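J.: Next comes the sequence, and after it the predicted model I'd like to discuss.
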Amino acid sequence: MKSLINIKAKDNLRFLLARKILPGIILCFLSALVIAQGDEIIPEPANKPVKSTFESTLLIDNQTVMVPVKGTFQFDMQHRFGTIQNGFDDLFGLYAPSNIRMGFHYTPIHKLSFGFGFTKSNNLLDFSAKYSLLSQMRDGGMPVSVTYFGNTVLDPRGEDDREIYHASDRLSFFHQLLIARKINDWLSIQVAPSLSHYNLQVDRGLGNDHFAVAVSAQLKISSVSSIIVGIDQPITKHTEGNPSPNPNPNISVGIQMSTSSHAFQIFLGNYNRLVPQENNVYFQGNQYDSFSSFWDNFGERFRIGFNITRLWN
């Protein structure tokens with residue numbers, strides 16, 4: 001009889017362990033494990049880079065600090081019409097001879113993109129690289145973003161069109177350091193010193209090297225549109241000639257409309273070429289003696305232009 005009671009007591013104990021106590025222990029253990037894993041998965045927020053300093057990799061006539069994310073293919077269309085001086089006779093330059101560039105870029109690894117393009121003027125071919133060196137941080141540390149942009153341009157014209165001594169005389173190079181800061185959610189500013197170099201420079205007494213600086217700004221007026229401004233100022237003074245070989249500055253202002261995959265910019269500006277060293281070294285328009293004289297022949301100085309960038313990721 002005692003053995004029978006002992007057996008029943010043991011069975012009841014096993015039942016309690018199997019059905020009541022053990023599941024509770026397992027549940028407490030799993031809860032503690034989930035909480036511990038949750039602590040590891042959700043750490044304290046870290047200082048992260050600022051996003052979308054600019055809405056496009058281009059801002060009028062200059063690159064921006066933005067480099068597309070890894071695996072992105074980008075197509076650029078840049079267009080410059082004639083000056084607006086003739087009014088409706090040529091629809092403010094839209095019917096005048098224009099200059100066009102088409103470019104293609106790919107980002108094979110993080111922060112680095114490569115590209116090439118071809119331009120209507122002089123049939124130029126360009127090959128470029130862009131690398132993000134530093135990123136502005138949200139909570140201090142690095143106050144600006146810094147990106148390097150460089151290109152090599154080949155002039156394929158025959159010797160009858162340009163004095164050529166060696167194959168290398170067809171090459172020119174451009175180096176630019178892009179330094180930008182996103183001031184707040186609606187204003188970004190960029191300063192970009194540059195060096196242009198031509199292996200052969202025989203035009204109008206120009207030197208082989210030319211320094212310039214560009215200042216650009218983007219002012220957001222809505223979630224998808226912005227006012228954009230650009231100023232390009234030559235620095236190098238070349239040998240005086242007749243006419244003066246020194247290039248003139250560029251002033252431009254326009255509107256930008258953008259989405260996550262493409263941007264459209266339309267603007268008024270002075271530059272008519274689409275390769276940066278061509279604009280910085282050769283631009284002879286926009287000549288004026290004083291600020292008041294600048295407005296006297298406004299139509300002869302400005303032209304309509306637009307840029308389109310399209311991204312595939």
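T.: Here it is on my side, so go on. Residues are numbered from 1 along each chain as shown.
J.: need the strands for this structure, in chain order.
T.: Per DSSP state E, the chain carries strands over the ranges 58-59, 62-63, 73-83, 99-109, 112-119, 125-134, 145-154, 171-182, 187-198, 209-220, 225-234, 250-258, 262-269, 303-312.
J.: how near is His105 to Phe211?
T.: Applying C-beta to C-beta, to the nearest Å, the value for His105 to Phe211 is 26 Å. (Glycine included, C-beta is placed from N, CA and C.)
J.: So which of these two has more stuff around it?
T.: His105 (22 against 13; other C-beta atoms under 10 Å).
J.: Return the set of residues that bridge with that one.
T.: Gln74, Gly115 (DSSP bridges).
J.: Figure out which of the strands of the chain is closest to Asn297.
T.: The closest of the strands of the chain to Asn297 is strand 73-83. By C-beta to C-beta, the value is 9.6 Å.
J.: from the middle of its chain, how far away would stretch 152-164 be?
T.: A distance of 29 Å separates the centroid of the chain from that of stretch 152-164, by C-alpha atoms, centre = their mean, to the nearest Å.
J.: which ones are touching the residue nearest to Ile266 when sequence neighbours are not counted?
T.: Nearest-residue entry for Ile266: Phe306, 4.5 Å, with adjacent residues in sequence omitted and distances by C-beta to C-beta, 6 or more residues apart in numbering. By C-beta atoms under 8 Å, 6 or more residues apart in numbering, the residues touching Phe306 are Gln78, His79, Phe264, Gln265, Ile266, Phe267.
J.: So what's the model's average confidence on stretch 108-121?
T.: Mean pLDDT, computed over stretch 108-121, is 96.
J.: now the end-to-end length of it.
T.: Taking C-alpha to C-alpha, to the nearest Å, stretch 108-121 runs 30 Å from one end to the other.
J.: The nearest residue to Ser194 once chain neighbours are set aside and Ser128: what is the separation?
T.: Distances taken as C-beta to C-beta, 6+ apart put Gln176 closest to Ser194, at 4.0 Å, once the chain neighbours are dropped. Gln176 sits 10 Å away from Ser128, taking C-beta to C-beta as the criterion.
J.: do Phe118 as well
T.: Distance, Phe118 to Ser128, by C-beta to C-beta: 12 Å.
J.: These two: who's more crowded?
T.: Ser128 (20 against 16).
J.: Return, as residue ranges, the portions of the stretch 151-300 of the chain with sub-threshold pLDDT.
T.: Within the stretch 151-300 of the chain, the ranges that satisfy pLDDT under 70 run 161-162, 202-204, 240-244, 286-296.
J.: Now for the residue nearest the centre of the chain: which residues touch it?
T.: Central residue of the chain (C-alpha atoms, centre = their mean): Thr57, 2.2 Å from the mean position. Counting by C-beta under 8 Å, 6+ apart, Thr57 touches Gln63, Thr64, Met66, Val67, Pro68, Gln74, His105, Lys130, Thr309.
J.: Need the nearest residue in space to the fifth one, chain neighbours excluded.
T.: Put plainly, it is Pro68. Thr107 (4.8 Å).
J.: can you tell me which residues contact that neighbour?
T.: Val67, Pro68, Val69, Lys70, Gly71, Thr72, Gln74, Ser113.
J.: Please identify, among those, the one with the most neighbours.
T.: Ser113 (24 neighbours).
J.: which residues touch stretch 127-139?
T.: Against stretch 127-139 from outside (C-beta under 8 Å, 6+ apart): 47-50, 53, 57, 63, 65, 67, 105, 111-117, 142-154, 180-182.
J.: Does Ser56 touch Ser260 like I think?
T.: No. The pair Ser56 and Ser260 fails to qualify as a contact (C-beta atoms under 8 Å) at a distance of 11.3 Å.
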